[in-house]
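Visitor: Fold the following and give me the result.
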Amino acid sequence: MDKYKVVIIDDDEFSLENLTFGLEKDERFSLEGVARNGKQGKKLVAKVQPDLLFLDVELPDMTGMQFLQEMRDGQSHLPYVVFYTAYDKYMIQAIRESAFDYLLKPYDEEELKGILERFVVRMSGQSAEPRRPVVPAPGASPTFIVFTPTNDMRALRPSEIGFFRYCSERKQWEVILSGQPPLALRRGTTAEQIVQYSSCFVQIHQAYIINIDYLMIIKESKCLLYPPFDKVTELLVSRKFKKELQERFCL
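Guide: Residues are numbered from 1 along each chain as shown. Here you go, the predicted structure:
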């Protein structure tokens, strides 16, 4: 029987070596390659077409959730994904919505064996059925992960978010959520990274990125949003972004 092809994407050398060692113990699997960032990982997945992908939640150039979204958008081959992460179990529900399973670092040998067994069972019973997508289909409000200033992880859905605001005093972005206090993002998070979380996030100003699904009207160069964000009056559209916004959405 042909072995199941495996790829690992992780920039932590110690964790990578440990997982490599664990996979080599199971003769049903063949490790076909490793990558240390998302850019390398996409090329490797396209080349190898693995059956199973172990993916770090936080890579040097993107998050694991961003990697999955880009892979789904750009590749027809969708391997089963196991998030390989040092973060605790409060992220499990969000992770399970987008991946086959998760494996905590440093991993327990029995946990790895259990994941591999579940994968083999899934593949054996799958026959000719199409694979389960690794991320929700468009319009399903896919979960994505952000990092806070204390390096905690938070799972969010676009439907919870009215807009993002840049705080120049603290030099960091924050998320304005429905019915919740603003959530500060880790320093170093850029506008470019934020708009990649979802196609509904659109930059209108150096200090503002809105959820276009809540946009009601642009009046006097200000964006007015639908409830529950209808009381917000600060969302100024700058000249730099106004033309692009009008052309993109025919406003």
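Visitor: any idea how far the nearest residue in space to residue 184 that is not next to it in sequence is from residue 160?
Guide: Nearest residue to residue 184, sequence neighbours excluded (Cβ to Cβ, 6 or more residues apart in numbering): residue 174, at 4.8 Å. (Each C-beta comes from the backbone N, C-alpha and C, glycine too.) Distance, residue 174 to residue 160, using Cβ to Cβ, to the nearest Å: 14 Å.
Visitor: Can you get me a residue count around the nearest residue to residue 225 once chain neighbours are set aside?
Guide: Of all residues not flanking residue 225 in the chain, residue 214 sits nearest, at 4.3 Å (Cβ to Cβ, 6+ apart). Here the number of neighbours of residue 214 (other Cβ atoms under 10 Å) works out to 22.
Visitor: Return the per-residue confidence for residue 214.
Guide: pLDDT recorded at residue 214 is 90.
Visitor: do residue 88 as well
Guide: 58.
Visitor: cool, and residue 245?
Guide: 73.
Visitor: circling back to that earlier point, of residue 174 and residue 160, who's got more company?
Guide: Taking other Cβ under 10 Å, residue 174 and residue 160 do not tie; residue 174 has more neighbours (19 against 16).
Visitor: can you give me the helices in the stretch 151-251 of the chain?
Guide: For the stretch 151-251 of the chain, helices defined by DSSP state H, counting those that start in this stretch occupy the ranges 191-197, 239-249.
Visitor: re the thing from before, enumerate every residue touching the residue nearest to residue 225.
Guide: 162-163, 225-226, 229 (Cβ atoms under 8 Å, 6 or more residues apart in numbering).
Visitor: Just the buried ones out of those, please.
Guide: With neighbours counted by 16 or more other Cβ atoms under 10 Å, those contain buried members at 162-163, 225, 229.
Visitor: Nearest spatial neighbour of residue 115, chain-adjacent residues omitted?
Guide: residue 101 (5.1 Å).
Visitor: Correction: the previous question concerned residue 35.
Guide: That would be residue 41: by Cβ to Cβ, 6+ apart, it lies 4.0 Å from residue 35.
Visitor: okay, now residue 164: neighbour count?
Guide: 25.
Visitor: Please tell me I have it right and it contacts residue 182.
Guide: No: with contact defined as Cβ atoms under 8 Å, residue 164 does not count as touching residue 182 (9.6 Å).
Visitor: related to what we said a few turns ago, redo the helices of the stretch 151-251 of the chain as TSV? Include mean neighbour count and distance to residue 68.
Guide: Listed next are the helices of the stretch 151-251 of the chain as TSV, based on neighbours: other Cβ atoms under 10 Å; distance: least, Cβ to Cβ, whole Å:
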stretch	mean neighbour count	distance to residue 68
helix 191-197	16	12
helix 239-249	12	25
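Visitor: Mean pLDDT lowest where, among those helices?
Guide: Here the lowest mean pLDDT among these goes to helix 239-249, at a mean of 74.
Visitor: Confirm residue 83 sits in a strand?
Guide: Yes: residue state for residue 83 (DSSP: H, G, I helix; E, B strand; the rest coil) corresponds to a strand.
Visitor: And it, how close does it get to residue 155?
Guide: 12 Å.
Visitor: what does residue 85 give?
Guide: In terms of Cβ to Cβ, residue 85 sits 13 Å off from residue 155.
Visitor: Give me the longest helix you can find in the chain.
Guide: In terms of residue count, the longest helix belonging to the chain (DSSP state H) is helix 109-126.
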